[in-house]
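In: Predicted structure and sequence below. I'll ask about it afterward.
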Amino acid sequence: MRYVLVFVDSEVLCLPVSLALPTRERYRVPVLCLLVAISAMPGLVLAAPAEISLAEAVQRAVERAPLLDARRAQVEAAQQETHRAGALPDPMLMVGIDNLPVTGMDAFNTRVDDMTMKKIGLRQEFPARAKRAAQRTVSQRRADEAVAQAQAEQVNLRQAAANAWIDLWAAQRELAALTSLHEQAQLAARLAKARVAGGTEPVADALAAQVAVIELDNRLEGLRAQSQAAQAELARWLGEDVERVPAEAPNFTSLPVPEPQLLAALDRLAPLLAASAQVETAAAEIDAARAERRSDWNVTASYGQRAPTPGGMPRSDMVMLEFGIGLPLFQRNRQDRGIAAREAHYQAALAMREGVRRQQMARIRAGIAQWQGFKRQVALHEDSLLPLARDRNAITLAAYRAGAPLRPWLDARRDELDVHLAHAEHLAELGRAWVALAYLLPNQEAQP
């Protein structure tokens with residue numbers, strides 16, 4: 001039996017077709033039900049994909065990034081290692097037979113020799129306390145290093161997601177600007193065609209206007225492909241497709257963290273956190289190498305059971321308890337070599353940290369200089385070049401429509417097109433320079 005949906009007082013009722021409508025109206029029931037259901041139930045309405053802001057894109061990228069999940073797993077693994085570092089080795093169970101004859105007439109006879117016995121025992125190693133403490137310290141430093149590397153990965157991911165968002169935003173902005181110019185070019189081409197038909201303009205001008213439209217179409221196709229590539233790159237970081245981003249630009253003219261504060265927080269930058277953690281790990285490994293000079297010791301306890309004599313007389317069982325201690329007698333070519341190697345590794349880590357520190361300081365200063373330069377270029381375009389190019393284009397187009405030659409308008413339109421493209425490129429560069437500074441510190445929330 002077929003059923004229909006009937007809406008009564010905001011409630012949905014499911015009734016058979018034979019009870020709900022007359023016979024001749026039943027054929028229209030499926031389409032009508034579908035339309036009424038979609039209009040009456042907001043949950044069934046397919047809404048257009050919502051635009052995503054820069055801050056939201058970065059936040060989603062951090063929440064959904066597989067790379068950060070991998071880093072978090074590495075941090076968990078390193079922290080788990082700290083719980084077992086410095087623990088005593090597992091005891092060793094020993095089972096065997098002692099003093100068993102293997103030659104002569106009594107070979108492999110367990111009842112002939114008084115000393116033959118079956119033995120079971122335990123052996124426990126006790127590394128030096130300094131070694132165990134050094135192992136715990138090294139393990140903790142390695143866990144700190146994993147945390148620092150995870151923070152560095154998060155900073156890199158936030159910057160990459162923000163740059164992908166800016167690429168999409170710049171491509172869509174450029175596409176919108178060229179689309180508006182495309183309408184003017186089509187208008188001029190139609191006007192030129194009409195003048196040619198009226199005999200007031202040469203055919204060459206109409207062809208030139210048509211070529212201008214085709215060139216603009218070619219650039220628009222390239223921009224659409226660039227926009228699609230930017231969408232794919234942003235989807236890589238977000239884990240979902242994003243068709244559009246807000247048309248309005250974030251405030252790229254103001255940094256959330258001023259330049260003096262960035263330079264003062266140099267040692268808290270993600271690359272320096274990782275480098276400093278490596279230095280601390282190298283220092284802990286020096287202490288671990290020095291602890292190798294300490295002696296380890298062990299204890300062994302066993303119980304031996306002897307078989308009765310051939311005549312049936314019982315023999316007494318025996319207990320064995322012994323202690324052992326390591327003798328690091330050749331420290332010059334063993335332990336001292338290890339200490340020297342760890343100290344060299346420590347010096348290398350120090351030098352690498354200093355190199356990273358200088359690199360980050362130079363990068364901050366260069367980034368601020370680039371950001372300020374792009375900011376001036378964008379202001380110059382918005383305050384002077386774009387209005388002048390737009391006015392020139394409008395004046396020459398109006399003159400052409402009034403009967404002036406076509407060439408001045410074509411030149412003005414091409415110049416305005418170049419200015420728009422340069423402005424879009426500078427906006428994108430300004431956004432990337434801003435991202436490189438705004439998302440530099442770990443857990444720093446940029447405010448576009």
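Out: Noted; the coordinates are in hand. Numbers count the residues shown, from 1 in each chain.
In: Would you mind listing where the stretch 151-300 of the chain has pLDDT under the threshold?
Out: Within the stretch 151-300 of the chain, the ranges that satisfy pLDDT under 70 run 200-201.
In: make it 80
Out: 177, 180-206, 208-209, 212, 243-244, 247-250 (pLDDT under 80).
In: so where do the helices sit in it?
Out: 203-238, 259-264, 270-291 (DSSP state H, counting those that start in this stretch).
In: Check the stretch 301-448 of the chain too.
Out: Going by DSSP H, counting those that start in this stretch, the stretch 301-448 of the chain shows helices at 335-380, 386-401, 407-438.
In: JSON lines please, covering those helices and showing mean neighbour count and distance to Pro258.
Out: Yep, even glycine has a C-beta here, placed from its N, CA and C like the rest. Formatted as JSON lines, the helices of the stretch 301-448 of the chain follow (neighbours: other C-beta atoms under 10 Å; distance: least, C-beta to C-beta, whole Å):
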{"stretch": "helix 335-380", "mean neighbour count": "15", "distance to Pro258": "10"}
{"stretch": "helix 386-401", "mean neighbour count": "16", "distance to Pro258": "29"}
{"stretch": "helix 407-438", "mean neighbour count": "20", "distance to Pro258": "10"}
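In: Figure out which of those is closest to Phe323.
Out: Smallest distance to Phe323 across those (C-beta to C-beta): 22.5 Å, for helix 335-380.
In: Give me the angle between that closest one and helix 386-401.
Out: Angle, helix 335-380 to helix 386-401, by axes from the mean of the first three to the mean of the last three C-alpha atoms, to 10 degrees: 40 degrees.
In: what is the orientation angle of helix 335-380 with helix 407-438?
Out: Using the same axes, to 10 degrees: helix 335-380 against helix 407-438 is 150 degrees.
In: now Arg244: how far from Ile52?
Out: Plainly put, Arg244 is 8 Å away from Ile52 if you go by C-beta to C-beta, to the nearest Å.
In: Neighbour count: the two, which is higher?
Out: Set side by side, Arg244 and Ile52 show more neighbours around Ile52, with 21 against 15, by other C-beta atoms under 10 Å.
In: I'd guess the more buried one is in a helix, am I close?
Out: No: going by DSSP: H, G, I helix; E, B strand; the rest coil, the assignment for Ile52 is coil, not a helix.
In: Quick check, central residue of this structure?
Out: Computing the C-alpha centroid of the chain and ranking residues by C-alpha atoms, centre = their mean puts Leu157 first, at 3.3 Å.
In: Please name the residues that touch that residue.
Out: Contacts for Leu157 (C-beta atoms under 8 Å, 6 or more residues apart in numbering) come out as 61-62, 65, 67-68, 237.
In: If we use 10 Å, what do you get?
Out: When contacts are counted by C-beta atoms under 10 Å, 6 or more residues apart in numbering, Leu157 touches 58, 61-62, 65, 67-68, 71, 237, 439.
In: Can you list the residue ranges for strands in the stretch 51-200 of the chain?
Out: 92-98, 117-126 (DSSP state E, counting those that start in this stretch).
In: Now flag whichever of the contacts of Leu157 is closest to Tyr346.
Out: Closest to Tyr346, out of all of the contacts of Leu157 and judged by C-beta to C-beta, is Arg71, at 25.2 Å.
In: hang on, the earlier thing: can you check which residues contact both of Arg244 and Ile52?
Out: The contact lists of Arg244 and Ile52 share Leu168, where a contact means C-beta under 10 Å, 6+ apart.
In: picking up where we left off before, got JSON lines for the helices of the stretch 301-448 of the chain, with distance to Leu207 too?
Out: Output for the helices of the stretch 301-448 of the chain, formatted as JSON lines (distance: least, C-beta to C-beta, whole Å):
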{"stretch": "helix 335-380", "distance to Leu207": "36"}
{"stretch": "helix 386-401", "distance to Leu207": "15"}
{"stretch": "helix 407-438", "distance to Leu207": "11"}
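In: Report the buried members of the contacts of Leu157.
Out: 58, 61, 65, 68, 71, 237, 439 (16 or more other C-beta atoms under 10 Å).
In: shouldn't Phe126 be in contact with Trp297?
Out: Yes: the pair Phe126 / Trp297 is scored as a contact, 5.2 Å apart, by C-beta atoms under 10 Å.
In: Are there residues contacting both of these two? Which ones?
Out: Joint contacts of Phe126 and Trp297 (C-beta under 10 Å, 6+ apart) are 323-325.
In: now the residues you listed in TSV, with pLDDT, distance to Pro202 and neighbour count?
Out: Formatted as TSV, those follow (pLDDT from 0 to 100; distance: C-beta to C-beta, whole Å; neighbours: other C-beta atoms under 10 Å):
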residue	pLDDT	distance to Pro202	neighbour count
Phe323	94	112	9
Gly324	92	108	14
Ile325	92	108	9
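In: residues in contact with the closest residue to Arg401 other than its chain neighbours?
Out: Nearest residue to Arg401 in three dimensions, chain neighbours excluded: Leu191, at 6.2 Å (C-beta to C-beta, 6 or more residues apart in numbering). When contacts are counted by C-beta under 10 Å, 6+ apart, Leu191 touches 201, 205-206, 209, 397, 400-401, 406, 409.
In: Distance of the nearest residue to Ile52 once chain neighbours are set aside relative to Arg158?
Out: The shortest distance from Ile52 to any non-neighbouring residue, by C-beta to C-beta, 6+ apart, is to Val242 (5.6 Å). Using C-beta to C-beta, Val242 is found at 16 Å from Arg158.
In: So which of these two has more stuff around it?
Out: Higher neighbour count among Val242 and Arg158: Arg158, with 27 against 21, using other C-beta under 10 Å.
In: do you know how far that one is from Tyr439?
Out: Using C-beta to C-beta, which is the criterion applied here, Arg158 is 5 Å from Tyr439.
In: same question, Lys119
Out: With C-beta to C-beta as the criterion, Lys119 and Tyr439 are 67 Å apart.
In: cool, Ser53 as well?
Out: 15 Å.
In: Pick the one among the contacts of Leu191 closest to Phe108.
Out: For the contacts of Leu191, the nearest to Phe108 is Ala209 (111.7 Å; C-beta to C-beta).
In: Tell me, how many residues neighbour the closest residue to Gly431 other than its chain neighbours?
Out: Residue nearest to Gly431 in three dimensions, not counting chain neighbours: Ile166, with 3.9 Å by C-beta to C-beta, 6+ apart. If you count neighbours by other C-beta under 10 Å, Ile166 ends up with 26.
In: tell me the contacts of Ile166?
Out: 54, 57, 230, 234, 245, 249-250, 252, 427-432, 434-435 are the contacts of Ile166 under C-beta under 10 Å, 6+ apart.
In: Tell me the one of the residues you listed nearest Ala146?
Out: Val435 (25.9 Å).
In: coming back round to it: in JSON lines: the contacts of Leu157, plus distance to Asn109.
Out: Shown next, in JSON lines, are those (distance: C-beta to C-beta, whole Å):
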{"residue": "Val58", "distance to Asn109": "82"}
{"residue": "Ala61", "distance to Asn109": "78"}
{"residue": "Val62", "distance to Asn109": "76"}
{"residue": "Ala65", "distance to Asn109": "72"}
{"residue": "Leu67", "distance to Asn109": "69"}
{"residue": "Leu68", "distance to Asn109": "69"}
{"residue": "Arg71", "distance to Asn109": "65"}
{"residue": "Trp237", "distance to Asn109": "78"}
{"residue": "Tyr439", "distance to Asn109": "82"}
